[in-house]
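Enquirer: Requesting a structural model of the entry that follows:
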Amino acid sequence: MITTEQLQQFRQYYTPLVSDSMDRLGITGYIMDRAIQPMEHSADIKVCGFAFPCRVVPTREYVEIDKILEMVDAITPHSVVLVAADADIDAALWGGLMSTRAQARGAVAAVVNGGVRDIEQIAHLQFPVFGAYHCVKDIRRRGFMAAYNTTIKCGGVEVKPNDIIFADANGVVVIPQEHFERVESELRAAVGEERATMDGLRKGNSAQKLFERYKRF
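Expert: Residues are numbered from 1 along each chain as shown. Here you go, the predicted structure:
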């Protein structure tokens, strides 16, 4: 079972290194579409948590937000809430009040494959949100939440409840639970090799010789 301590330790890494390590292990197809980026850009943004995935279905009918209210009250601690629409609805999938409740429930971030609004309120909360674009439009008559804590596809990646979501200023990575231990083990070696390479470069050593030794660049 993955512990919260492991999630905290995982924050020493960064998504490019995680992506490279997963490639080395042959675990591919888990990097979200590059369109999904931090809504408030900060070079040192970094989150790691258990996936709490939610599905939104497009509609032209008015559907009240009862399921969204139910969802935010069910968010689990140490989670990254993911909201994915089956197709773009040209509306906000996430906003300030959702961020407020998610943060109070112990979530560490949110990731959506569409619009985000209430950027100012979210910034004041210092609650990390990743999305595809800013959008002022309400979800009503454009989409409705069909289910939560369920398997979804977000940013081109299948996400199951309690998969590990790791995100920083570079993008978002999904690590399936069954691969987490292997990825973590690979990263422990990779980060040491990368730091040694960086140190050697700073000292003026040859990039070619450092690559020959550490296989990192």
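Enquirer: what's the next secondary structure element after the helix or strand where Leu187 lies?
Expert: Secondary structure assigned from DSSP states H and E places Leu187 in helix 180-202. Tracing the chain C-terminally past helix 180-202 and defining elements by DSSP H and E, one meets helix 207-214 next.
Enquirer: ok and that following helix relative to helix 180-202, angle-wise?
Expert: For the pair helix 207-214 and helix 180-202, the angle between their directions (axes from the mean of the first three to the mean of the last three C-alpha atoms, to 10 degrees) equals 150 degrees.
Enquirer: any residues touching helix 207-214, and which ones?
Expert: The set of residues external to helix 207-214 that reach it, using C-beta atoms under 8 Å, 6 or more residues apart in numbering, is Glu193, Glu194, Ala196, Thr197, Gly200, Leu201, Arg216, Phe217. Using the backbone N, CA and C atoms, a C-beta is placed for each residue, glycine as well.
Enquirer: Going by neighbour count, which of those are buried?
Expert: With neighbours counted by 16 or more other C-beta atoms under 10 Å, the contacts of helix 207-214 contain buried members at Glu194, Thr197, Gly200, Arg216.
Enquirer: Against Met1, how distant is the second one?
Expert: Distance check for Thr197 against Met1: by C-beta to C-beta, to the nearest Å, it reads 34 Å.
Enquirer: Would you map out the domains in this structure?
Expert: Residue ranges for each domain of the chain read 8-27+176-217, 28-175, as given by automatic domain parsing.
Enquirer: which of those domains is buried the deepest?
Expert: domain 28-175 (a mean of 19; mean count of other C-beta atoms under 10 Å).
Enquirer: Centre of the chain to it, how far?
Expert: In terms of C-alpha atoms, centre = their mean, to the nearest Å, the centre of domain 28-175 is found 9 Å from the chain centre.
Enquirer: And that domain, end to end?
Expert: Length of domain 28-175, first residue to last, C-alpha to C-alpha, to the nearest Å: 10 Å.
Enquirer: Now it: average pLDDT?
Expert: Here the mean pLDDT over domain 28-175 is 97, rounded to a whole number.
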